[in-house]
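Student: this is the structure alone, sequence omitted:
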């Protein structure tokens, strides 16, 4: 159980951290972030990675636990 919790937590951080950094941290250091040429592509990538997390959890549970039953 502990390895699955660590894996899920690490994947949560990996999926959500880019979007959270892009929204909360980068504007503090670069106030003119809206004028960046590729900021929209970067935002879509970070947002897509965050939304990918909803797919990752069931896949990890299915792979790591053969007895996992989807309701």
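Tutor: Perfect, thanks for sending it. Worth saying up front: this structure is predicted, and the values here are computed from it rather than measured.
Student: report the buried residues of the lowest-mean-pLDDT helix or strand in the chain.
Tutor: Here the helix or strand of the chain ranked lowest by mean pLDDT, DSSP states H and E is helix 26-29, holding a mean of 87. By neighbour count with 16 or more other Cβ atoms under 10 Å, helix 26-29 contains no buried residues. For the C-beta atoms, the positions are set from N, CA and C on the backbone; glycine is no exception.
Student: tell me how far it lies from the chain's centre.
Tutor: Helix 26-29 has its C-alpha centroid displaced from the chain centroid by 20 Å (Cα atoms, centre = their mean, to the nearest Å).
Student: now for the helix or strand following it, which elements pack on it?
Tutor: Counting by DSSP states H and E, the element after helix 26-29 in chain order, helix or strand, is helix 39-64. Counting contacts by 3 or more Cβ pairs under 8 Å, 6 or more residues apart in numbering; DSSP states H and E, helix 39-64 packs against helix 2-20.
Student: contacts for the helix it packs on, please.
Tutor: The contact list for helix 2-20 (Cβ atoms under 8 Å, 6 or more residues apart in numbering) reads 43, 45-47, 49-50, 52-53, 56-57, 60-61, 64-65.
Student: what angle do it and helix 39-64 make?
Tutor: Relative orientation of helix 2-20 and helix 39-64, computed by axes from the mean of the first three to the mean of the last three Cα atoms, to 10 degrees: 170 degrees.
Student: about what we covered before: in PyMOL, select just the buried ones from the contacts of helix 2-20.
Tutor: Those of these that count as buried under 16+ other Cβ under 10 Å are selected in PyMOL with:
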select buried, resi 46+49+50+53+56
